[in-house]
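[1] Show me the folded form of this:
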Amino acid sequence: MDDDEESGGEERVHWKPWLSVDEGYVLSPRVLQKTFDSPNESDRKEKTKEERERINMRIRWRKLNETDEERQRRLEKDRERIKQWREKKRKACIGQKELTEEEQKKREEQRKKVAEAAKERKNAARRARRADPEFRKRERELQKARRADPEYREQKNARRRAQAKAKRDAEKQKACEDLSEEEKVPEKRIVVYGYVMIE
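    Just a heads-up that it's a prediction; the model follows:
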């Protein structure tokens, strides 16, 4: 009820900051005050019903008696306030973005520290295991059992053959790429009186 009275009995339209007044959105004085002046919630609640009614009466009286020039001036003020509000929000967003980047750097540094600590713990555990004679004994027994297994030997030999073949193919490919255009031309052999001449 109070909202309808404060808007002068007009149909209530939700204020959208990304739309201007020229696009047909009504900005009531209460919405403007609440948006731009941002009074404290406690101060607003302390107002009595009589004060709110008196404010509503002033708003209705001003709207009924304002001329076209006054209305134009009011709309210009509204546009200026919207522009200032948008600029303020833009600057706030830029500051928030910079703060987020700083936080992101801090998080990245923290993540690196945690990763380094985990790596150090893992290496320390590995060194401790290797220093343990029982662990070394178990590892030697496991290696002996693997070497005695024919299937394991076959898999190991197959892996070695595949790696050697891949290495040879890579070297051959590199040698072909290093050849110049003249060396890639096939040789022409001409037989003259029993002698082979290479052109």
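
[2] show me where the protein has strands.
    Using DSSP state E, the strands of the chain run over 189-192, 195-198.

[3] Would you agree Arg146 is in contact with Arg140?
    No. Using C-beta atoms under 8 Å, Arg146 is not in contact with Arg140, being 10.8 Å away. (Each C-beta comes from the backbone N, C-alpha and C, glycine too.)

[4] domain assignment for this protein?
    If you go by automatic domain parsing, the domain ranges for the chain are 2-65, 135-177.

[5] hang on, the earlier thing: worst mean pLDDT among the strands of the chain?
    Sorting the strands of the chain by mean pLDDT places strand 195-198 lowest, at a mean of 52.

[6] Quick check: mean pLDDT of stretch 104-123?
    Per-residue scores along stretch 104-123 average to 89.

[7] pull the CA atoms of it into PDB?
    Output of stretch 104-123 as PDB, limited to C-alpha atoms (Å, rounded to 0.1, in the frame of the first residue of the first chain):
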ATOM      1  CA  GLN A 104      44.300 -15.900  -7.500                       C
ATOM      2  CA  LYS A 105      48.100 -15.200  -7.300                       C
ATOM      3  CA  LYS A 106      48.000 -16.000  -3.600                       C
ATOM      4  CA  ARG A 107      46.100 -19.200  -4.200                       C
ATOM      5  CA  GLU A 108      48.600 -20.200  -6.900                       C
ATOM      6  CA  GLU A 109      51.500 -19.700  -4.600                       C
ATOM      7  CA  GLN A 110      49.700 -21.600  -1.800                       C
ATOM      8  CA  ARG A 111      49.000 -24.400  -4.300                       C
ATOM      9  CA  LYS A 112      52.700 -24.600  -5.300                       C
ATOM     10  CA  LYS A 113      53.800 -24.700  -1.700                       C
ATOM     11  CA  VAL A 114      51.400 -27.500  -0.900                       C
ATOM     12  CA  ALA A 115      52.500 -29.500  -4.000                       C
ATOM     13  CA  GLU A 116      56.200 -29.000  -3.000                       C
ATOM     14  CA  ALA A 117      55.500 -30.200   0.500                       C
ATOM     15  CA  ALA A 118      53.600 -33.200  -0.700                       C
ATOM     16  CA  LYS A 119      56.500 -34.000  -3.100                       C
ATOM     17  CA  GLU A 120      59.000 -33.700  -0.300                       C
ATOM     18  CA  ARG A 121      57.000 -36.000   1.900                       C
ATOM     19  CA  LYS A 122      56.800 -38.600  -0.900                       C
ATOM     20  CA  ASN A 123      60.500 -38.400  -1.500                       C
END
